[in-house]
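Student: Next input, structure requested:
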Amino acid sequence: HRLYSYCREHGVPHARLGKLIVATSGAEMGGLEKIASTARGNGVDDLEWLDRTQARRLEPALNCVAALLSPSTGIIDSHALMLAYQGEAEAAGAIVVLRTPVLSGRVCDDSFELAIGGDEPTGIRCRLLVNAAGLHAPALARMIEGIPPNTIPPAYFCRGVYFTLSGPAPFRRLIYPVPVAGGLGVHITLDLAGQARFGPDVEWISSIDYTVEPSRGEVFYAAIRTYWPGLPDGALQPGYAGIRPKISGPAEAAADFVVQGPDTHGLPGLVNLYGIESPGLTASLPLADEVVRKLGFAES
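Tutor: The predicted structure follows:
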């Protein structure tokens, strides 16, 4: 609800559509029950259990044996949100400098020195350093001499591909299957213009590569038809790929977000954010609060 309030206050386009998390067979009911239990443990109190008839009353094209309805789930213009964050930062005196990669760094007695590349290479010194480099956060931490290596997690790259739907969307809400290992399953999301896309899948890769192979569409058709049997042949078009910044490998239990402060690495003024994959954007405001707390400041 806090993110919705922020969007209203700052004119960020968004829509509260609701989401159905669906079990398409009895074998998936345990996974659905686990989601409900985890949600309750995290303070989510608005999930509703639906049987097959109730779910199809909401979404007639849907195939399932049961579903969880999350009425508060919505969509957002992510670029507009990031621009709003940037505008607030600049209004508070921040200077946003793009295309300036960090080349190296070191920990000093009471500060951090960074060598910055780009069109005008230079060096900077700062008292506070927040490493929020996403996929590159572990690599960036390793570049900085003085950060204990044993506090830096390994990085794993997990690509997720999206396919877009040609034609009208079959659902008014977001539809998510029971999650699979490494991801949330091939689900349907809608953008603010009503365009539907399916994804992401899960593919562990050794290096960053955003290629979308059209042949992966075959897997998508099979996965989507478990909950939307009416998907027409030829309706999917290759969309785009993203890469999850994993800090646990394919054979390991999924890792939670890591917001690492001086209590872990012993360096006052430094916060590293590792493994901030989805729903990192949704959680961006409380994540910022946690960074502020780790830096030793009171939340405002």
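Student: Mind jotting down where the strands sit in the stretch 51-200 of the chain?
Tutor: Counting by DSSP state E, counting those that start in this stretch, the segments of the stretch 51-200 of the chain that form strands are 66-70, 75-76, 102-107, 112-116, 122-126, 129-131, 144-145, 156-165, 174-177, 187-190, 196-199.
Student: do the stretch 201-300 of the chain as well
Tutor: Secondary structure of the stretch 201-300 of the chain, counting by DSSP E, counting those that start in this stretch: strands at 203-205, 236-246, 258-260, 270-274.
Student: just to revisit the earlier point, which of the strands of the stretch 51-200 of the chain sits closest to Y227?
Tutor: Judged by C-beta to C-beta, the one of the strands of the stretch 51-200 of the chain that comes nearest to Y227 is strand 174-177, at 6.0 Å. The way it works is simple: take the backbone N, C-alpha and C, and place the C-beta from them, glycine included.
Student: what residues does the closest one touch?
Tutor: Among residues not part of strand 174-177, those counted as contacts by C-beta atoms under 8 Å, 6 or more residues apart in numbering are 17-22, 24, 28, 59, 62, 73, 75, 184-190, 223, 226-228.
Student: Make TSV from the strands of the stretch 201-300 of the chain and add mean pLDDT, distance to Q86 and mean neighbour count to it.
Tutor: Conversion of those to TSV gives the following (pLDDT from 0 to 100; distance: least, C-beta to C-beta, whole Å; neighbours: other C-beta atoms under 10 Å):
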stretch	mean pLDDT	distance to Q86	mean neighbour count
strand 203-205	95	30	15
strand 236-246	97	21	18
strand 258-260	98	21	19
strand 270-274	99	18	24
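Student: Can you tell me which of those is nearest to V102?
Tutor: It is, among the strands of the stretch 201-300 of the chain and with distance given as C-beta to C-beta, strand 270-274, at 13.1 Å.
Student: quick one: low-confidence parts of the protein?
Tutor: Regions of the chain meeting the criterion pLDDT under 70 cover residues 180-184, 299-300.
Student: Show me the helices in it, by range?
Tutor: Residue ranges of the helices in the chain, as given by DSSP state H, are 2-10, 29-41, 52-58, 78-91, 137-143, 217-224, 262-265, 284-294.
Student: Just the buried positions in the last one, please.
Tutor: In this case it means helix 284-294. Buried residues in helix 284-294, defined by neighbour count with 16 or more other C-beta atoms under 10 Å: S284, L287, E290, V291, K294.
Student: does the residue nearest to I188 when sequence neighbours are not counted have beta-bridge partners, and which?
Tutor: Closest residue to I188 in three dimensions, ignoring its sequence neighbours and counting by C-beta to C-beta, 6 or more residues apart in numbering: I175, at 4.7 Å. When bridges are assigned using DSSP bridges, the partners listed for I175 are L20, I188.
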